[in-house]
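A.B. asks: A predicted structure for the sequence below; I have some questions about it.
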Amino acid sequence: MLIKHLSLLLMIGFASISCQTQPEQDQTKVDPTIAQAKLIESIIITEFADQHPGYDLFLKNGCPVCHDKDLSGTKMGPPLIFSLYKNGHHNNERLFKSIKEGVAQHHWYFGNMPAFAHISDTDINLMVTFIRQSLELNKIK
Ligand code: HEC
């Protein structure tokens, strides 16, 4: 258990540092064997999620198919509670754009994320706020 956590921490550190310095290169990607597994065992989102309109939209729009209901990721998509998505690296504007326009595979090996162009800007912003607050609640800032 301890070893698993340590290697995860190393991997997180590596992914976030290398992404800032060399965004176009392959080593920015997370190890595929790790990307296939559940990375995070316990994520706290329940404190506020049920009351959050952004969480309601996250569920209704099918995001859990790839990111799971607790944002911990599935075999089809990465966890969103992850150091890569901290504010200094992927700010809210960036997350908004990725949801609206989709995002080409760049950090992981799950393939591309589809665009959700049909969702209103207001609703996307609510989901982004929800994701940001969940990150902060899990001390990823
Ligand atoms: C078919 C699977 C799939 C679905 C459905 C999906 N995503 Fe994703 N999402 C991905 C993948 C794959 C990535 C990571 C791409 C990469 O960096 O390699 C991703 C990345 C993201 C990111 C990070 C974007 C970035 O700039 O790197 C956010 C935020 C996100 N998804 C939110 C959502 C939300 C909100 C929904 C629902 C409206 C959603 N996703 C639905 C597969 C999916």
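C.D. replies: Thanks, I have it. Keep in mind that what you see is a predicted model, and the values were worked out from it rather than measured.

A.B. asks: How about the residues of this structure by the ligand?
C.D. replies: When proximity is defined as CB under 6 Å from any ligand atom, the chain approaches the ligand at 58, 61-63, 65-67, 76-78, 80, 90, 94-95, 98-99, 103, 105-108, 110-111, 113-114, 116, 127, 131. All C-beta spots, glycine's among them, are computed from the backbone N, C-alpha and C.

A.B. asks: can you tell me how far residue 123 sits from residue 101?
C.D. replies: Distance, residue 123 to residue 101, by CB to CB, to the nearest Å: 15 Å.

A.B. asks: When the two are compared, which one has more neighbours?
C.D. replies: In this view residue 123 and residue 101 are compared by other CB atoms under 10 Å, and residue 123 has more residues nearby, 19 against 13.

A.B. asks: Can you verify my assumption that that one contacts residue 56?
C.D. replies: No: the pair residue 123 / residue 56 is not scored as a contact, 9.7 Å apart, by CB atoms under 8 Å.

A.B. asks: ok so, going back, mind listing which of the residues of the chain next to the ligand are in helices?
C.D. replies: Among the residues of the chain next to the ligand, DSSP state H puts 58, 65-67, 94-95, 98-99, 127, 131 in helices.
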